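**Q** After the sequence you'll find the predicted model.
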Amino acid sequence: MTIDSATVHKSATKFTIPESLWDDAFASSFSPAELLLYRSNLLGSDLTVTNFGGGNTSAKLQAADPLTNEEVDVLWVKGSGGDIGSMNLDGFATLYQSKLLKLENHYSGPDDDDKMVSYLPHCTFNLNARAASIDTPLHSLLPFAHIDHVHPDAIIALAASSGGEAATKEIWKGRIGWLPWKRPGFTLGVMIRDYVRDHPDVQGVMLAGHGIICWADSSKDCYEHTIQLIADAARYLNEKLGQAPAFGGTIVPNNPDRRAIAAELMPKLRAFMTSDPPKLAHFSDDPETLEFVGSSDFERLAKLGTSCPDHFLRTKISPLTLDPERLGDEIYLRSSIEDYRKNYADYFHRCAGPDDPAMRDANPVVVLVPGIGRITFAANKSTARIAGEFYGNAINVMRGAEAIGSYVALDEQEAFNIEYWSLEEAKLQRMPKPKPLAGKVAVVTGGAGGIGAATATRLLSDGACVMLLDRDDIALSEIAARLTGQFGKDSIQTSVCDVTDETAVTAAFRSCAVAFGGCDIFVANAGIASSAPFEETTSALWKKNFDVLAEGYFLTARSAFTLMKQQGEGSMIFIGSKNGVAAAKGAAAYASAKAAANHLARCLALEGAAHGIRVNTVNPDAVIKGSRIWDGDWRKERANAHGIDTGAELEEHYRLRSLLQRDVLPEDVAEAVYFFASDMSAKCTGNMVNVDAGNAQAFTR
């Protein structure tokens, strides 16, 4: 890698100082359990306080035993796999505190940690189905009423630094203790309990490489104590960061074209990652990442890997780093990923024992490129985004740790023991089977229309991510809002795009590549319709139909074809029309343009086969309900052509005209699109399927 000869020194990115958001008036009517939830949600909603899905909170509350009706102490603690920022009351495990304390009778040392987890269900209170987390002993063995255990970046920066213990003493003057690294479990709970017993004046304990645990007598006091400790650490680190440039200073400047470069790079990387289902990608060029990847210390620190278990369970122990000057070399990119997989396999075989699970996916999760940013890959978009956020946390940790000493990563064997921990393996085995279109990216033009929206819904429901293109920004926003509410924000992207504008089309597909990593399914659906006797068909009307239905299909299909060719596979589906195969009186421009699009699909099927690209056509007819096209002049024009009313009479006309005498709905067309998008049609290309309730004139010949 060629670098600038001069190191650029600039102020390091600082840690955010959290502030208390507790609202006494809002919380005044809450029950003790609701106060615990309020505290948890406040802590978890701020990513400077704890990572997504990380940290846990607890309270020891009085409740009536459902069998004896006697008042007993119940531990409420965040359940396994939950997120304190978004959880509800049912996200807490509830356990008899008296039974939890008796578990120590079954504990004889660190080798029993996994065994102790199996006893937790026996302590369940009131048949609560929420599984208790591995961190439950940290809360049950301490005598305090309210306990928080969080992993904020500023705290982990202390916990993962060679200077962390000294800094802890300097900041809190002995009020916060320090324990060496120990992975979560019953043994760690015992260590903390014994440390607090021997140091009765401490108000919390720093856990090396792991986080901090603290306590108080009420939910409000516990929350504010936690916030204050994080603020103390952040202020201390910010003062140290002001004394020298972060990571040794910048040696690779930010590339102003980095998003365009990422759009070219991400589909190639995605293609080289051998996995089933395929990977989805997430790109970030946030200031913290750019500061890190462009720095003098970047390569040294990246090789060390992450420290906190919360981080590397999401990101793998270390990232793949790429030379920004060789991104156009596909041989280099392919070999880089192959080398990463080989190195991961070597790591696995060095560390694995005879009873460990089989090696998992060896592809990189995090890819870092100086001057460009951070790309993360996972089986679904949400996981890819969250993995990126976790590596962002790791960058913050390294920046702070280096400011007070040297960053300390976990020992390789210890990291492996957590990554392949039987408890983590059990979580993975409980995960649901991926949906049929998991890992697939679809682009749907005319996405705000009836067929477009129904198609998007169908593809999303089976696990695909969808980029919706439409020129109507208001209608597009409305459809996107509805789909986001149903399927979540990570799976939906939109781009306002006129398919006749070559520049806009190129930009839209580039946005899709940056948003998801490529394009696997393309649905050419944007359309118009017009009707006029042939001698009254103006050249403008003819051109308008061909601009949208022929050239629009050509421009969008060309962009999709380019991405799919890079990936080595893809499925293209053209929404044609009955009129594309059957002559239509009074619609020469529309029918001819549709016929041109249908023939383009056949041509692409010939060219695409060598690259694993399938191209098929769905020919609907008379999709009146839910169609924006039929809401316009087309309805009046076709009604006039048939000499009938524009309302129910028109719908009845088309229904009775079909052989099956049934209405054709957008959802019916979407089912045919799904067939061609899915592996059910893996051996189909160059085909047409009519969705018209039967029309003999349109039978394909």
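**A** That came through, no problem.
**Q** going forward, measure contacts between C-alpha atoms and count neighbours the same way
**A** Fine.
**Q** Under the pLDDT cut-off, which ranges of the chain? List them.
**A** Counting by pLDDT under 70, the chain shows low-confidence ranges at 1-11, 53, 425-430, 626-651, 701.
**Q** thinking residue 296 is in contact with residue 248, fair?
**A** Yes - assessed by CA atoms under 8 Å, residue 296 is found in contact with residue 248 at 5.2 Å.
**Q** Next, the buried residues of stretch 104-119.
**A** Residues of stretch 104-119 classed as buried by neighbour count (16 or more other CA atoms under 10 Å): 113, 116, 117.
**Q** Could you do stretch 185-195 as well?
**A** For stretch 185-195, the neighbour count (16+ other CA under 10 Å) marks 185, 186, 187, 188, 189, 190, 191, 192, 193, 195 as buried.
**Q** Now do that stretch: distance to the chain's middle.
**A** Here the centre of stretch 185-195 is set off from its chain's centre by 35 Å, with CA atoms, centre = their mean, to the nearest Å.
**Q** Not counting it itself, show me its contacts.
**A** 109-110, 113-114, 116-117, 134-139, 141-142, 179, 182, 205 (CA atoms under 8 Å, 6 or more residues apart in numbering).
**Q** Check stretch 479-495 too.
**A** 381-382, 448, 453, 457, 460-461, 464-470, 476, 508, 511-512, 515.
**Q** now that stretch, how far from the chain's geometric center?
**A** 13 Å.
**Q** Repeat that for stretch 178-189.
**A** 31 Å.
**Q** and the buried residues of stretch 104-119 as TSV, adding distance to residue 305 and secondary structure?
**A** TSV is the format used below for the buried residues of stretch 104-119 (distance: CA to CA, whole Å; DSSP: H, G, I helix; E, B strand; the rest coil):
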residue	distance to residue 305	secondary structure
113	26	helix
116	30	helix
117	28	helix
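**Q** Which of those sits closest to residue 244?
**A** Of all these, residue 244 sits closest to residue 113, with 42.7 Å by CA to CA.
**Q** hang on, residue 47 packs against residue 152?
**A** Yes - between residue 47 and residue 152 there is a contact under CA under 8 Å: 7.5 Å.
**Q** So between these two, which is more surrounded?
**A** Each of residue 47 and residue 152 has its neighbours counted (other CA atoms under 10 Å); residue 152 has more, 25 against 18.
**Q** hang on, the more buried one packs against residue 52?
**A** No - judged on CA under 8 Å, residue 152 makes no contact with residue 52 at a distance of 10.4 Å.
**Q** Now do the strands in the stretch 451-600 of the chain.
**A** For the stretch 451-600 of the chain, the strands defined by DSSP state E, counting those that start in this stretch cover 465-470, 492-496, 521-524, 570-575.
**Q** Would you mind saying which of these lies nearest residue 411?
**A** Nearest to residue 411, of these and by CA to CA, is strand 465-470 at 37.4 Å.
**Q** contacting residues around that closest one?
**A** With CA under 8 Å, 6+ apart as the criterion, strand 465-470 contacts 381, 439-448, 456, 459-460, 476, 480, 490-498, 508, 512, 516, 526.
**Q** and stretch 336-344, C-alpha only, in CSV?
**A** Taking Å, rounded to 0.1, in the frame of the first residue of the first chain, the C-alpha atoms of stretch 336-344 are listed here in CSV:
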residue,chain,number,x,y,z
SER,A,336,-7.6,-11.9,-0.1
ILE,A,337,-10.9,-13.5,0.8
GLU,A,338,-9.5,-17.0,0.2
ASP,A,339,-6.5,-16.2,2.4
TYR,A,340,-8.8,-14.9,5.1
ARG,A,341,-10.8,-18.2,5.0
LYS,A,342,-7.6,-20.2,5.2
ASN,A,343,-6.3,-18.2,8.1
TYR,A,344,-9.6,-18.6,9.9
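**Q** buried ones in it?
**A** Within stretch 336-344, the residues that count as buried by 16+ other CA under 10 Å are 336, 337, 338, 340, 341, 344.
**Q** Turn the residues you listed into a markdown table, columns for secondary structure and distance to residue 407.
**A** Listed next are these as a markdown table, based on DSSP: H, G, I helix; E, B strand; the rest coil; distance: CA to CA, whole Å:
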| residue | secondary structure | distance to residue 407 |
| --- | --- | --- |
| 336 | helix | 26 |
| 337 | helix | 26 |
| 338 | helix | 28 |
| 340 | helix | 23 |
| 341 | helix | 25 |
| 344 | helix | 22 |
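**Q** Out of the residues you listed, flag the one nearest to residue 324.
**A** Distances from residue 324 to the buried residues of stretch 336-344, taken by CA to CA, are shortest for residue 336, at 12.7 Å.
**Q** and that closest one, how far is that from residue 451?
**A** For residue 336, the distance to residue 451 (CA to CA, to the nearest Å) stands at 42 Å.
**Q** try residue 487
**A** Counting by CA to CA, the gap from residue 487 to residue 451 is 18 Å.
**Q** and what of residue 377?
**A** 31 Å.
**Q** List every C-alpha atom in stretch 47-57, with coordinates, as PDB.
**A** Taking C-alpha atoms only, stretch 47-57 is exported to PDB below (Å, rounded to 0.1, in the frame of the first residue of the first chain):
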ATOM      1  CA  LEU A  47     -25.500   3.300  22.200                       C
ATOM      2  CA  THR A  48     -22.900   5.300  24.200                       C
ATOM      3  CA  VAL A  49     -24.100   3.500  27.300                       C
ATOM      4  CA  THR A  50     -24.400  -0.100  26.000                       C
ATOM      5  CA  ASN A  51     -24.200  -2.000  22.800                       C
ATOM      6  CA  PHE A  52     -27.300  -3.300  21.000                       C
ATOM      7  CA  GLY A  53     -28.300  -6.600  22.700                       C
ATOM      8  CA  GLY A  54     -25.600  -6.100  25.300                       C
ATOM      9  CA  GLY A  55     -25.600  -5.400  29.000                       C
ATOM     10  CA  ASN A  56     -28.100  -6.500  31.500                       C
ATOM     11  CA  THR A  57     -30.100  -5.000  34.400                       C
END
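**Q** Counting neighbours, which bits of it end up buried?
**A** Neighbour-count burial for stretch 47-57 flags 47, 48, 49, 50, 51, 52, 53, 54, 55, 56, 57 (criterion: 16+ other CA under 10 Å).
**Q** so where does the last one fall, helix or strand?
**A** The one in question is residue 57. For residue 57, the host element (DSSP states H and E) is strand 56-64.
**Q** how is this structure carved up into domains?
**A** Following automatic domain parsing, the chain resolves into domains at 24-241, 258-430, 441-622+664-692.
**Q** can you redo the ones you listed as a markdown table with distance to residue 652?
**A** Putting these into a markdown table (distance: least, CA to CA, whole Å) gives the following:
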| stretch | distance to residue 652 |
| --- | --- |
| domain 24-241 | 49 |
| domain 258-430 | 44 |
| domain 441-622+664-692 | 11 |
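**Q** from these, which stretch is densest packed?
**A** Most buried of those, by mean neighbour count (mean count of other CA atoms under 10 Å): domain 441-622+664-692, with a mean of 21.
**Q** For it, measure first residue to last.
**A** One end of domain 441-622+664-692 to the other measures 28 Å (CA to CA).
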